[in-house]
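Asks: Sequence and predicted structure, then a few things I'm wondering about:
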Amino acid sequence: MAYISKIALDDRNLPPPTPEIDQERKVAIFDLLEGNSFQLPDRDDAPAPQGPYQLELAIRDRRLVFDISTEAASKAAEFHLSLGPFRQVVKDYFQICESYFEAVKTLPPSQIETIDMARRGIHNEGARVLQERLNGKADIDDQTARRLFTLICVLHFGG
């Protein structure tokens, strides 16, 4: 049972999200809980705690924190990732999202589609960076990485 069954964002110290960001967050959480693949690897000294897992994402001390527990609320893992490798791709993603939200209001469908393709490309890059950063800590599939990247962006926006 290698999946996330519950997810929480620790956004206590962040400004309230814009309506667009709030919508992205809700969709990402819903989609993530509908289908994801998340597995902690076995360690040399012990097998990994079995899922399903509960995940809390936070930004603390300029680091992205994954706090993972089992459904029985036993601590399964915690790891801290530097935000440095995410900064540029998150910045690019927010810029293209702003362009997309503005385009939807005024531009013809062909131009909106072009911007959306660029947005998806940057989103895929962010997911790839996340998978690299989680290598050896957690195994996730591409769709899970994409959805988690969206949530990281939401946290990073205020962090």
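Replies: Nice, I can see it. Numbering: from 1, shown residues only.

Asks: drop to CA atoms for contacts and neighbour counts, all remaining ones
Replies: Noted.

Asks: Residue 64 and residue 84 touch, don't they?
Replies: No - Residue 64 lies out of contact with residue 84 (C-alpha atoms under 8 Å); the separation is 9.9 Å.

Asks: Neighbour count: those two, which is higher?
Replies: residue 64 (21 against 11; other C-alpha atoms under 10 Å).

Asks: count of residues packed around residue 91?
Replies: 14.

Asks: now do residue 108
Replies: By other C-alpha under 10 Å, 10 other residues sit near residue 108.

Asks: tell me the contacts of it?
Replies: If you count contacts by C-alpha atoms under 8 Å, 6 or more residues apart in numbering, residue 108 has none.

Asks: Look up how far residue 80 lies from it.
Replies: Residue 108 sits 43 Å away from residue 80, going by C-alpha to C-alpha, to the nearest Å.

Asks: Over to residue 153?
Replies: To residue 80, residue 153 is 16 Å away according to C-alpha to C-alpha.

Asks: neighbour-wise, which of these two wins?
Replies: Using other C-alpha under 10 Å as the criterion, residue 153 and residue 80 rank with residue 153 on top: 24 against 17.

Asks: ok, and the closest non-adjacent residue to that one?
Replies: Of all residues not flanking residue 153 in the chain, residue 90 sits nearest, at 6.0 Å (C-alpha to C-alpha, 6 or more residues apart in numbering).

Asks: element containing residue 22?
Replies: Assessed by DSSP states H and E, residue 22 sits inside helix 19-34.

Asks: buried stuff in that helix?
Replies: Residues 21, 24-25, 28-29, 32-33 are the ones in helix 19-34 that count as buried (16 or more other C-alpha atoms under 10 Å).

Asks: Just list what it packs against, helices and strands only.
Replies: strand 4-10, helix 142-158 (3 or more C-alpha pairs under 8 Å, 6 or more residues apart in numbering; DSSP states H and E).

Asks: Mind giving me the packing neighbours of the shortest one?
Replies: The helices and strands touching strand 4-10, judged by 3+ C-alpha pairs under 8 Å, 6+ apart, are helix 19-34, strand 53-60.
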